[in-house]
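> What follows is a predicted protein model with its sequence.
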There are 2 protein chains.
Amino acid sequence: MDKNQPEHLKNAGLKSTVPRLKILGLFELGQERHMSAEDVYKKLLSSGDDVGLATVYRVLTQFEQAGLLVRHYFEGGKSVFELNQGKHHDHIVCLQCGHVEEFYDAAIESRQKKIASERGFAVHDHSLHIYADCVKKQCPYKQ
Amino acid sequence: MDKNQPEHLKNAGLKSTVPRLKILGLFELGQERHMSAEDVYKKLLSSGDDVGLATVYRVLTQFEQAGLLVRHYFEGGKSVFELNQGKHHDHIVCLQCGHVEEFYDAAIESRQKKIASERGFAVHDHSLHIYADCVKKQCPYKQ
DNA sequence: TTGCAAATGAGAACTATTATCATTTGCTTC
DNA sequence: GAAGCAAATGATAATAGTTCTCATTTGCAA
Ligand SMILES: [Mn+2]
Ligand SMILES: [Mn+2]
Ligand SMILES: [Zn+2]
Ligand SMILES: [Zn+2]
């Protein structure tokens, strides 16, 4: 595990507490890259860590504001978070199994900037979600 | 007002009822193109029409399933609906005033298809939302 | 008209999330 | 290391958006 976690928190202006370290750890060395608050909460519980759900929500929001995590609003109404690695990307979400795949396309990005500026908008950010079915892949829920 | 509304409903396999006609009317001749359930409910109330909130939600979902409306999930957690005019488009949302502008870009659309199919996904649909500030436009909330 | 399945409306229930507040914990200072 | 204290936590209440339940009403076909 990453011994610099307390530093990561300090650098972000957050004091190093048990719940924060556990949650950051889940993202830094977890197998799941995209997790909702509920996902995080359940993982903590099942690994015996006793963290309140309110704290999970609070910490996720703080991490987002501190730039440690990025939040996405996928369909379905719940926020999903992932480690902020400084590289913007967009997502393909499988409607059968929920599998999330990432992609980045410079052409799409530049078209967006162009379109927005032509129309007199100063872009803050954007979200591009492609909802699809895995056809060639292993999809645990589909066959 | 559109005298063919009952036909529109019939064609969609929905029987022509008072709440359905009122709601469809709001979208067909309303000034607001993108409306949430709450928006629709409030408009009905303020025009003296007594429709239950549950009915509004039910009817909006039925209209979506019937292909009369399209639903979008903008940030903020509430669904927004608009008349389905058969032309897919994406949205720029002003973070100051909430103004929504529509755009369509063939290059972006085809890049998306390409990316998804290269990775073995069969696209159902997608959403592209650009969050921005109106800089050249009239923004009632900004200045 | 009558009959009845379909639709509606009031309110309960549910889901995701935020707010409240008494208790606990991570530093700082002695 | 112990004391002090602001910041953080956790249990739970509250909120927002939406769906469910079920008794009553309505559209429409006979
Ligand atoms: Mn991602
Ligand atoms: Mn639109
Ligand atoms: Zn992008
Ligand atoms: Zn598009």
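On my side now, so go ahead. It should be emphasised that the depicted structure is a prediction, and the values quoted were computed from it without experimental measurement. Ligands and ions are numbered 1, 2, ... in the order given.
> Can you give me the pLDDT of the residue of chain A found nearest DNA strand D?
For chain A and DNA strand D, the shortest gap (C-beta to the nearest atom of the strand) falls at A:Gly52, measuring 2.6 Å. (Each C-beta comes from the backbone N, C-alpha and C, glycine too.) Note on A:Gly52: pLDDT of 97.
> element containing A:Val80, please.
Taking DSSP states H and E as the definition, A:Val80 sits inside strand A:79-83.
> Quick one: list the elements packing against that strand.
Applying 3 or more C-beta pairs under 8 Å, 6 or more residues apart in numbering or on different chains; DSSP states H and E, one finds that strand A:79-83 makes contact with helix A:18-29, strand A:35-36, helix A:37-46, helix A:53-65, strand A:69-73.
> near DNA strand C, anything from the second one?
Yes. In terms of C-beta under 7 Å from any atom of the strand, part of strand A:35-36 sits within range of DNA strand C, namely A:Ser36.
> Which strand in chain A has the most residues?
Counting residues, the longest strand found in chain A (DSSP state E) is strand A:121-134.
> So that one, near chain B or not?
Yes. Strand A:121-134 is in contact with chain B by C-beta under 8 Å from any C-beta of the partner chain, via A:121-134.
> Run the angle between that strand and strand B:69-73 for me.
Going by axes from the mean of the first three to the mean of the last three C-alpha atoms, to 10 degrees, strand A:121-134 is angled at 110 degrees with respect to strand B:69-73.
> What helices and strands are in contact with the helix or strand bottoming out on mean pLDDT in chain A?
Least confident helix or strand of chain A, by mean pLDDT, DSSP states H and E, is helix A:5-11 with a mean of 80. Contact partners of helix A:5-11 among helices and strands, from 3+ C-beta pairs under 8 Å, 6+ apart: helix A:18-29.
> quick one: the helix it packs on near DNA strand D?
Yes. Applying C-beta under 7 Å from any atom of the strand, one finds helix A:18-29 touching DNA strand D at A:18-20.
> Please identify the buried residues of that helix?
Within helix A:18-29, the residues scored as buried using 16 or more other C-beta atoms under 10 Å in any protein chain shown are A:19-27.
> For A:Gln62, which residues are in contact?
Contacts for A:Gln62 (C-beta atoms under 8 Å, 6 or more residues apart in numbering or on different chains) come out as A:14, A:20.
> what about 10 Å?
Contact analysis of A:Gln62 by C-beta atoms under 10 Å, 6 or more residues apart in numbering or on different chains lists A:9, A:12-14, A:20, A:23, A:68-69.
> Mind picking the two most distant members of these?
Among those, the pair separated by the greatest distance (C-beta to C-beta) is A:Gly13 and A:Ile23, at 16.2 Å.
> that older thread, in a markdown table, list the contacts of A:Gln62 along with distance to A:Arg33.
Formatted as a markdown table, these follow (distance: C-beta to C-beta, whole Å):
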| residue | distance to A:Arg33 |
| --- | --- |
| A:Leu9 | 20 |
| A:Ala12 | 20 |
| A:Gly13 | 25 |
| A:Leu14 | 22 |
| A:Arg20 | 19 |
| A:Ile23 | 14 |
| A:Leu68 | 14 |
| A:Leu69 | 11 |
